[in-house]
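A.B. asks: the following block contains a protein sequence and its predicted model.
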Amino acid sequence: MKSAMQLAVCAGLISVAPAQAQELLFGVGQTQFFEDLSTDSALVSLEYRHKPFYERGRIDVAWSAVGIAHFSGDAFLGGGLSARYTFNTQWFVEASVMPGLFRENEEANDLGSAFEIRSLFAVGYAFKGGNRTSLAVSHKSNASTAQSNPGVNAVSLRWHHAF
């Protein structure tokens, strides 16, 4: 009888534990190019984070994709891996690496090639219900795969909508 009750309690705890969900991330931010003649601008981003394929303790890893539009007319579309470490039930850090394609609108914003890699680090806070907010710093460059590799940095405020 005692083990049946323990089993029932464990099953109840498992069923109320929040499952990691998919997320849509909406971001707004500002770019800073490394070239003097480049045009820095505001940006908007839309990111999709799939349900994690790996979870262990406080760490989870998921496939992600991102689209970024710079107000200067530049654009980036990429996909890759996103990892998150949760400190407690509310605070977390996130890192991602997403190779993709960059299209500059102005010659001065050329990053050296169409192939660019966006790396990101964010600190965030999770609300009850699964939504989150985060402050992210990111960098796009071609990792010296082209003759020129000036790069661009960005700071973004992001809203994570869980579904």
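C.D. replies: Perfect, I can see it now. Numbering: from 1, shown residues only.
A.B. asks: tally of neighbours for the nearest residue to residue 29 once chain neighbours are set aside?
C.D. replies: Closest residue in space to residue 29, ignoring its immediate chain neighbours: residue 156 at 3.1 Å, by C-beta to C-beta, 6 or more residues apart in numbering. Placement of C-beta: from N, CA and C, glycine included. Counted with other C-beta atoms under 10 Å, the neighbours of residue 156 add up to 24.
A.B. asks: what's the answer for residue 100, then?
C.D. replies: 19.
A.B. asks: ok, residues contacting stretch 78-93?
C.D. replies: Outside stretch 78-93, the residues within contact range by C-beta atoms under 8 Å, 6 or more residues apart in numbering are 49, 58-66, 94-101, 116-118, 121-127, 132, 134.
A.B. asks: whichever of those end up buried, select them in PyMOL.
C.D. replies: Selection of the buried residues among the contacts of stretch 78-93 in PyMOL, burial being defined by 16 or more other C-beta atoms under 10 Å:
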select buried, resi 49+60+61+62+64+65+66+94+96+98+100+116+117+118+122+124+126+132+134
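A.B. asks: related to what we said a few turns ago, is it true that the residue nearest to residue 29 touches residue 43?
C.D. replies: Yes. At 7.1 Å, residue 156 counts as touching residue 43 under the criterion of C-beta atoms under 8 Å.
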